[in-house]
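# sharing a sequence plus its predicted fold:
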Amino acid sequence: MLIIEPRVLIDDRGYFFESFRQDRLREFGINEPFVQDNESKSEKNVLRGLHFQKPPYAQGKLVRVVKGAVLDVAVDIRQKSATFGQWFSHELTEENKTMLWIPVGFAHGFLTLRNETIFQYKCTNYYNQESEGSILWNDPDLNIQWNVKNPNISDKDQKAPLLNQLNSPF
């Protein structure tokens, strides 16, 4: 995981910042090319995830909020990692303009904290439906602190397996 805080120029007209600059990302050790951009719009308390793409379509993601706010969560699913099964969260908002780098080998999800939240992510590989993978958002072994009682979740995400049922490809 890597939190990236861009330099934001603010004046009486508004603000400006570079939301993507490949050479700057290389300074952080992110050398993968980005090949696909995704965007979603959601109402408050929508929970999407925890998703990943299996090889050969595994994806690194650079995520950010354009409008609104999310609690962004990533879970390490790399079997030989010292942090396997551990999760990380960070609040991304339109005000802080913070970006989060999620490398290959992590499941990713987010909870929207405001209505009409617009979420964008750059991906290092193309989406492939047959390579979809997921972990149950409320897996008791993970104990992710989403801080919401009844999130709005897709049927597919409600039926995701527990981490201990996952044969991780990473």
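Thanks, I have the structure now.

# C-alpha only now, for contacts and for neighbours.
Noted.

# the residue nearest the centre of the chain pairs with what?
Taking C-alpha atoms, centre = their mean, the centroid of the chain lies closest to residue 108, which sits 4.4 Å from it. Beta-bridge partners recorded for residue 108 (DSSP bridges): residue 51, residue 74.

# what's near enough to touch it?
Neighbouring residues of residue 108 by C-alpha atoms under 8 Å, 6 or more residues apart in numbering: 49, 50, 51, 52, 72, 73, 74, 75, 102.

# try residue 158
Residue 158 makes contact with 136, 137 under the criterion C-alpha under 8 Å, 6+ apart.

# ok, now with 7 Å
By C-alpha atoms under 7 Å, 6 or more residues apart in numbering, the contact set of residue 158 is residue 136.

# cool, and residue 42?
Per C-alpha under 7 Å, 6+ apart, neighbours of residue 42: 112, 115, 116, 117, 118.

# which residue, other than its chain neighbours, is closest to the third one?
Nearest residue to residue 116, sequence neighbours excluded (C-alpha to C-alpha, 6 or more residues apart in numbering): residue 43, at 4.9 Å.

# and for the closest residue to residue 132 other than its chain neighbours, the neighbour number?
Nearest non-adjacent residue to residue 132, counting by C-alpha to C-alpha, 6+ apart: residue 53, 4.9 Å away. Number of residues near residue 53 (other C-alpha atoms under 10 Å) recorded here: 24.
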